[in-house]
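*Asks:* Just the structure for this:
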Amino acid sequence: MKTMEEDEFQPNLLKFDDNSSSIKCSPNDFLLNGEILGRGGYGFVLKAMHVPSGNNVAMKFQKLTYDEPSIKVERTKKYQTLEKEIRGLRLTHSPYVTQYFGSMIVGRDVILCMELMDFTAFKLYKDVKMSLQDPTVRFDEQALAIIAASVINALVDLKRTHHFIHRDIKPLNILLNFNGEVKLTDLGLIFEDHSIARCEPFGTSLYLAPEIIEQMSCKEIDGRYRVEINSKSDLWSLGITLVEIARFSQPYTHCKLIKDVYYSISMKESPVLTSEDGYSVETIQLINNCLIKDERRRPSLEEISEIDLIQKYGDFESNKAYMKNFICKYVHMYNGIEEDSVGSDSSDSSIIEETIQQWKNDSLVNFMSFDNIVACH
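*Replies:* Predicted coordinates for the structure are as follows:
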């Protein structure tokens with residue numbers, strides 16, 4: 001007999017809250033309007049409505065076979081990443097992490113049905129910058145602190161409950177909505193804290209911690225790296241993210257090549273904030289503590305979470321009220337696709353169009369298990 005946990009892991013089932021039962025679902029239960037919320041190396045995200053319940057959801061399409069060699073090992077790698085994300089989302093119950101409702105398998109596409117948010121932190125700071133039209137004006141300090149506290153609380157919840165670390169903190173993985181909620185998303189790279197992993201390069205280059213880059217200098221025979229992973233690397237990525245928002249600019253965008261990015265991160269001074277940036281001592285200290293290059297001297301996640309500034313903005317509902325007003329003042333309604341910095345280009349549009357059309361036309365759906373997808377040729 002299957003345990004409740006195993007049963008909940010079955011595809012083609014949705015559960016919208018803890019008080020409701022799981023319900024079967026099929027593509028015919030969803031209304032797609034073609035609105036693309038984002039795309040990247042993983043695939044793309046569409047907005048949809050689950051008609052029977054009336055719930056709007058974000059549908060993350062993952063193509064396990066598209067544009068990949070027709071060999072089982074490649075499908076297996078992508079499947080393992082997807083399975084890891086689903087496991088992380090399903091086991092994490094935090095107001096600071098996007099909610100997972102369930103998954104579907106249609107043909108060889110895997111679709112994650114998730115909580116719908118309105119935009120990313122990347123769009124937020126871009127819209128604020130555009131609205132201000134003044135290079136001397138800084139990002140709102142309280143909003144910056146709330147974003148920092150929300151991400152740190154998400155990381156604490158991930159670590160406390162299942163010893164997870166995120167490994168891909170960046171503005172595109174911090175989502176917000178017009179109700180003022182700030183949430184962390186994309187758990188495809190989660191790993192157990194203080195693990196030693198044999199893995200391929202992970203995370204986004206612009207946000208990698210110096211200690212990760214240092215360990216990537218030695219590649220093993222199979223092309224993977226032996227990397228010691230802990231939550232301090234997430235703090236570095238968060239520090240870079242907060243500097244980017246604070247200054248309306250990514251610190252390493254001047255680097256033209258990946259090797260230049262790695263050199264700047266590992267060999268040059270950290271892009272810390274100074275008093276000239278116009279922020280309080282408390283905010284500067286918080287961000288700069290995350291950007292201490294020597295991992296041994298960098299505070300732990302637990303130590304950062306106890307900082308007065310994080311404690312001050314630790315109330316979810318109070319943060320919502322402030323962020324709602326701030327967002328309504330600066331953020332324009334969604335009017336474009338937000339792309340990951342890796343793995344997407346204009347040619348992806350035709351792929352997305354074809355997928356939407358196939359979805360709409362396909363009335364006889366071939367449901368498969370995850371294992372069957374991996375085994376398919």
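
*Asks:* low pLDDT regions in this protein?
*Replies:* 1-9, 40-42, 64-78, 80, 108, 187-203, 217-227, 333-377 (pLDDT under 70).

*Asks:* can I see the domain layout of it?
*Replies:* 4-117+337-370, 119-330 (automatic domain parsing).

*Asks:* Would you format those as a markdown table with mean neighbour count included?
*Replies:* To be clear about C-beta, it is placed using only N, CA and C from the backbone, and glycine gets the same treatment. Conversion of the domains of the chain to a markdown table gives the following (neighbours: other C-beta atoms under 10 Å):
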| stretch | mean neighbour count |
| --- | --- |
| domain 4-117+337-370 | 16 |
| domain 119-330 | 18 |
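
*Asks:* Which residue is the nearest non-sequential neighbour of residue 185?
*Replies:* Distances taken as C-beta to C-beta, 6 or more residues apart in numbering put residue 98 closest to residue 185, at 4.3 Å, once the chain neighbours are dropped.

*Asks:* swap in residue 279?
*Replies:* Per C-beta to C-beta, 6+ apart, closest to residue 279 is residue 141, 5.7 Å.

*Asks:* picking that back up, go ahead and confirm the residue nearest to residue 185 touches residue 118.
*Replies:* No. With contact defined as C-beta atoms under 8 Å, residue 98 does not reach residue 118; the gap is 11.9 Å.

*Asks:* residues contacting the residue nearest to residue 185?
*Replies:* 58, 89, 114-115, 117, 175, 183-185 (C-beta atoms under 8 Å, 6 or more residues apart in numbering).

*Asks:* quick one, helices of the stretch 1-150 of the chain?
*Replies:* 4-8, 72-91, 121-132, 141-162 (DSSP state H, counting those that start in this stretch).

*Asks:* what do residue 98 and residue 118 both touch?
*Replies:* Shared contacts of residue 98 and residue 118, counting by C-beta under 8 Å, 6+ apart, come down to residue 175.

*Asks:* Only C-alpha atoms, please: export stretch 46-60 in PDB.
*Replies:* Extracted in PDB, the C-alpha atoms of stretch 46-60 (Å, rounded to 0.1, in the frame of the first residue of the first chain):
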ATOM      1  CA  LEU A  46       2.000  30.200 -19.100                       C
ATOM      2  CA  LYS A  47      -0.900  31.700 -17.300                       C
ATOM      3  CA  ALA A  48      -4.000  29.500 -17.100                       C
ATOM      4  CA  MET A  49      -7.200  29.000 -15.300                       C
ATOM      5  CA  HIS A  50      -8.400  25.700 -13.800                       C
ATOM      6  CA  VAL A  51     -12.000  25.900 -14.900                       C
ATOM      7  CA  PRO A  52     -13.600  23.400 -12.400                       C
ATOM      8  CA  SER A  53     -12.200  25.300  -9.400                       C
ATOM      9  CA  GLY A  54     -11.900  28.800 -10.900                       C
ATOM     10  CA  ASN A  55      -8.300  29.100  -9.700                       C
ATOM     11  CA  ASN A  56      -5.700  30.900 -11.800                       C
ATOM     12  CA  VAL A  57      -2.400  29.100 -11.900                       C
ATOM     13  CA  ALA A  58       1.100  29.400 -13.400                       C
ATOM     14  CA  MET A  59       1.800  26.400 -15.700                       C
ATOM     15  CA  LYS A  60       5.500  25.600 -16.000                       C
END
